[in-house]
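A.B. asks: How does the following fold in three dimensions:
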Amino acid sequence: MTLHHNLTHQAARQDLAAAFRWTARLNMHEAVANHFSLAVNPEGSRFLINPNGRHFSRITASSLLELDADDPETMQRADAPDPTAWGLHGSIHRACPHARCVMHVHSVHATVLASLADSRLPAIDQNTAMFHNRHVVDDHYGGMAFGDEGARCAQMLQDPKVTTMVMGNHGVLVIGRTVAETFNRLYYFERAAETYIRALQTGQKLRHLSEEVAEKTAREWEDYPGAADFHLREIRAILDKDAPDYAQ
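C.D. replies: Residues are numbered from 1 along each chain as shown. Sure thing, here's the model as predicted:
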């Protein structure tokens, strides 16, 4: 293993640890549940994930597990992951190599959206437009995401255009190419869901963007230079100052 690879791998661990810490600060975590994962080999089958039972606010770079999605003995490890984490994230990394990073939470507004009979997120502002034609809704919740349920969910992410899954009766799952891209998307989805839910609460008629403008705005988000990387860079700068142990 080269020095360059070691540095790259350590930086990836630190990025993921920073995302956990910031998610906790935003109160988008839930007790010691929910999981983030990141592929670390070209095939996408080896991935980092949070250890079982660890609070997001205590995650460090070195505490992250490294798992092999194709290893049938994973749940026999002494440090075995949460079984739902293995069921969901293992299935996605096994079936969707383009999903380099996977973040799943039960954040409040995304879960409210997931609880509506119609859980689609309409393009009513600039943030909601980020997800126009780029999110799917799982209408067939079948219980906790153990093996079969995780594999079923993974099949809904086969289209590379899909970045986000509203998990009906459950929460939200976001995928991306990097930690920065995926966390930025997760953050904006929660903000977008909050805008939509609060707009519904007014009881007033909503101002929907046209298909043309919504798609144009979604593409502009995709092409916006450096936004996700800047976001994570600033998060890490704040943590470096007041919670530097995340990088250990």
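A.B. asks: gap between the two ends of stretch 28-41?
C.D. replies: One end of stretch 28-41 to the other measures 28 Å (CA to CA, to the nearest Å).
A.B. asks: in that stretch, what counts as buried?
C.D. replies: Using 16 or more other CB atoms under 10 Å as the test for burial, stretch 28-41 gives Met28, His29, Asn34, His35, Phe36, Ser37, Leu38, Ala39, Val40. (Each C-beta comes from the backbone N, C-alpha and C, glycine too.)
A.B. asks: between those, which is nearest Thr60?
C.D. replies: Among the buried residues of stretch 28-41, Phe36 lies closest to Thr60 (CB to CB), at 13.5 Å.
A.B. asks: Helix or strand with the lowest mean pLDDT in this structure?
C.D. replies: Every helix and strand in the chain was compared by mean pLDDT, DSSP states H and E; the lowest is helix 3-25, with a mean of 87.
A.B. asks: So what touches it?
C.D. replies: Outside of helix 3-25, the residues within contact range by CB atoms under 8 Å, 6 or more residues apart in numbering are 29, 36, 38, 40, 48, 50, 55-57, 59-64, 101, 103, 105, 178-180, 182-183, 186, 232, 235-236, 239, 243, 246-247.
A.B. asks: Among the residues you listed, name the buried ones.
C.D. replies: Counted by 16+ other CB under 10 Å, the contacts of helix 3-25 give 29, 36, 38, 40, 48, 50, 56, 59-61, 63-64, 101, 103, 105, 178-180, 182-183, 186, 232, 235-236, 239, 246-247 as buried.
A.B. asks: Can you list which of the residues you listed are found in strands?
C.D. replies: Phe36, Leu38, Leu48, Cys101, Met103, Val105 (DSSP state E).
A.B. asks: which pair in those spans the largest distance?
C.D. replies: Applying CB to CB across these, the maximum distance is between Leu48 and Val105, 16.9 Å.
A.B. asks: so who does the most centrally placed residue in the chain touch?
C.D. replies: For the chain, the residue sitting closest to the mean C-alpha position, by CA atoms, centre = their mean, is Met103 at 2.1 Å. The neighbourhood of Met103, defined by CB under 8 Å, 6+ apart, consists of Ala19, Phe36, Ser37, Leu173, Val174, Ile175, Thr182, Phe183, Leu186.
A.B. asks: thinking again about what came up before, and which of the ones in strands among the buried ones among the contacts of helix 3-25 is nearest to His132?
C.D. replies: Among these, and counting by CB to CB, the member closest to His132 is Met103, at 20.0 Å.
A.B. asks: what about this structure, any weak spots by pLDDT?
C.D. replies: 1-7 (pLDDT under 70).
A.B. asks: all helices for it, in order.
C.D. replies: 3-25, 83-85, 91-95, 108-114, 126-129, 147-155, 179-201, 211-223, 227-242 (DSSP state H).
A.B. asks: Can you say which of the ones you listed is packed in most?
C.D. replies: Mean neighbour count (mean count of other CB atoms under 10 Å) peaks for helix 91-95 among these, with a mean of 23.
A.B. asks: Now do that helix: everything it contacts.
C.D. replies: By CB under 8 Å, 6+ apart, helix 91-95 touches 37, 39, 44-45, 47, 69-70, 99, 102, 147, 150-151, 153-155, 157-158, 175.
A.B. asks: now swap in stretch 145-159 and tell me
C.D. replies: 83-84, 86-92, 94-96, 99, 136, 138, 140, 142-143, 162, 165, 167, 173, 175.
A.B. asks: With stretch 55-71 instead?
C.D. replies: 10, 13-14, 16-17, 20-21, 23-25, 29, 31-32, 34, 40, 44-51, 54, 74, 79, 81, 86, 90-91, 93-94, 245-248.
A.B. asks: One more: stretch 116-125?
C.D. replies: Contacts for stretch 116-125 (CB under 8 Å, 6+ apart): 113, 128-129, 131-132, 135, 137, 139, 166, 168, 189, 192-193, 195-196, 199, 206-209, 213-214, 217-218.
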